[in-house]
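Chemist: The following block contains a protein sequence and its predicted model.
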Amino acid sequence: MSSIRIDQLSKTFGNGRRALQSVSLTIEPGEMVGLIGASGSGKSTLLRHIAGLASCDRDAGRIEVDGRIVQRDGRIAKDIRQQRASIGFVFQQFNLVDRLPVITNVCVGGLARVPLWRSLPGWFTAAERKAAFEALARVGIEEQAYQRASTLSGGQQQRAAIARVLIQGARTLLADEPIASLDPESARRVMELLHDINLRDGITVVVSLHQVDMATHYCPRIVALKDGQVLFDGPSEDVTGSLLAEVYGSELESAPIPHRSRRAPLRLATVAAAAGS
Ligand SMILES: Nc1ncnc2c1ncn2[C@@H]1O[C@H](COP(=O)(O)OP(=O)(O)OP(=O)(O)O)[C@@H](O)[C@H]1O
């Protein structure tokens, strides 16, 4: 059974903008996939559809996660709340509750599994708090457990958000530009963490990134979107300068170019030359 299966997914927003056009994609359990593409190419829209946070066009697509239908032909599954328990979502802006302690934010990750009356802050059991503390230790911020979330650095907040996904027991982790607002060192640590979770826990990871070098370094498979369509789907080794020129078009000058330790670095001049060829 595939981890994620997308068939012929299309999305047109109310303003007539076609954000996704007949996207089909199959992702197997334990894969780590980097989603790249120019601004507006449809990366966030695709991730939000996989999580059932947005619905596709009528009669235009179907998404399954772990063999269960998330949405079909414009209708989101009725049991989406239960399904979301196994789909972790990490956002660029962390989505923590600023005024609550970090550990409470992390405990909230288990909410789909506890009765509603126990979801109020303070009602978490000792076992749940222990599990949250262990998740914080795993992401390296256990010392900040009792600080308000707002007092953490961006990188620490993102690690707390990942700890929340660990507590959630998600089998699939979708990360929408998780490092876009982080400094380079914090970004590297977050990518290392996603990589570790993928390798050690076997969690399927799909991460959208503007930094192509990060995508090709950490993700064995790259999916490139252009104008809402899959332009490339293949091993990161096959991401070439000419492909990037096609993916980023006029954004090329500002596009981050990969520096991959395994291969000769792709330099802007190489890519620009490919673009002109
Ligand atoms: N709620 C919305 N209403 C109308 N158009 C939208 C909406 N959300 C996204 N779009 C449009 O859909 C297209 C795809 O947007 P999306 O945010 O998925 O792109 P992206 O690749 O994630 O971009 P970025 O890298 O800048 O975040 C864009 O043209 C965007 O303007």
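Modeler: Perfect, thanks for sending it.
Chemist: From now on I want contacts and neighbour counts done on CA atoms only, so please keep to that.
Modeler: Will do.
Chemist: Flag the shaky bits of the protein, pLDDT-wise.
Modeler: 110-123, 252-277 (pLDDT under 70).
Chemist: now the strands: where do they sit in it?
Modeler: 4-12, 18-27, 32-37, 62-65, 68-72, 75-76, 87-90, 172-176, 204-208, 221-226, 229-235 (DSSP state E).
Chemist: Nearest to Thr45, out of those?
Modeler: strand 18-27 (7.1 Å; CA to CA).
Chemist: Of all residues in the protein, which one is nearest the centre?
Modeler: Centroid-nearest residue in the chain: Ala175, 1.5 Å away (criterion: CA atoms, centre = their mean).
Chemist: Who does that one form a beta bridge with?
Modeler: Val90, Val207 (DSSP bridges).
Chemist: That one and Phe94 touch, don't they?
Modeler: No. Between Ala175 and Phe94 there is no contact under CA atoms under 8 Å: 10.1 Å.
Chemist: picking up where we left off before, please give me every residue in contact with the residue nearest to the centre of the chain.
Modeler: 47, 89-92, 205-208 (CA atoms under 8 Å, 6 or more residues apart in numbering).
Chemist: Write the ChimeraX selection for whichever of those residues are buried.
Modeler: Burial among these is assessed by 16 or more other CA atoms under 10 Å; the matching ChimeraX selection reads:
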select :47,89,90,91,92,205,206,207,208
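Chemist: Could you identify the most distant pair in the contacts of Ala175?
Modeler: Once CA to CA is applied, the contacts of Ala175 give Gln92 and Val205 as the farthest pair, at 15.3 Å.
Chemist: Glu177: what's it in contact with?
Modeler: 91-92, 207-210.
Chemist: Report the separation between it and the ligand.
Modeler: 8 Å (CA to the nearest ligand atom, to the nearest Å).
Chemist: Can you pull the phi/psi pair for that residue?
Modeler: Recorded main-chain torsions at Glu177 are phi 50, psi 60, according to degrees, to the nearest 10.
Chemist: Identify the bridge partners of the nearest residue to Ala215 once chain neighbours are set aside.
Modeler: Leaving aside its sequence neighbours, Ala215 sits nearest to Gly34 (CA to CA, 6 or more residues apart in numbering; 5.2 Å). Bridge pairing for Gly34 (DSSP bridges) gives the partners Val207, Ile222.
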